[in-house]
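# give me a model of this one.
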Amino acid sequence: MKKSTITATFKSDLRKVWGIVTDNENTSWRSDLSRTEVTEDGFIEYTKDGFATSFTITMQEPFRCYAFTLDNANISGRWEGIFSPDGDGSRIIFTEEVTAKKPLMNLFISGYLKKQQQRYVEDLRKALGE
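Presented below is the predicted three-dimensional model:
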């Protein structure tokens, strides 16, 4: 299992950051997605080229913790987001742990996770207007 964590601070208040991250019906701010489909216990994200990843929400403690499991043809694992106030702004710590389903992917998975997390934070910063 490969693990990657990213920490970021934002000028925006915690409620705004939480609202954007947990709104699975409005993901137009994400540069890597074409659409999201909300399901009974989570959601499915579709990349720009149609690749689907299913997410099952395992914890949603408002303004504090959001977690889910994830699964697609290449990886499975879990994601956890910890949210906290930081002065007048907010701070996030996002941790993703995944297992590659294809042995060759183990060579690339760490770099892939870091790149995905950096893109997510950049997109979130833009969505917040920062």
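
# so who does residue 121 touch?
6, 8, 92, 94 (Cβ atoms under 8 Å, 6 or more residues apart in numbering). In short, each C-beta sits where N, CA and C put it, glycine included.

# closest to residue 115 among those?
For the contacts of residue 121, the minimum distance to residue 115 (Cβ to Cβ) is 10.7 Å, reached by residue 6.

# which residues touch that closest one?
By Cβ under 8 Å, 6+ apart, the neighbours of residue 6 are 93-94, 114, 117-118, 120-121.

# do the same with residue 45
Contacts of residue 45 by Cβ under 8 Å, 6+ apart are 27, 33, 36, 52-53, 55.

# which helix or strand contains it?
Applying DSSP states H and E as the criterion places residue 45 in strand 42-47.

# pLDDT value on the closest residue to residue 101 other than its chain neighbours, please?
Of all residues not flanking residue 101 in the chain, residue 74 sits nearest, at 5.7 Å (Cβ to Cβ, 6 or more residues apart in numbering). Note on residue 74: pLDDT of 94.

# equivalent analysis for the one 10 residues further on, please.
Model confidence at residue 84, given as pLDDT, is 98.
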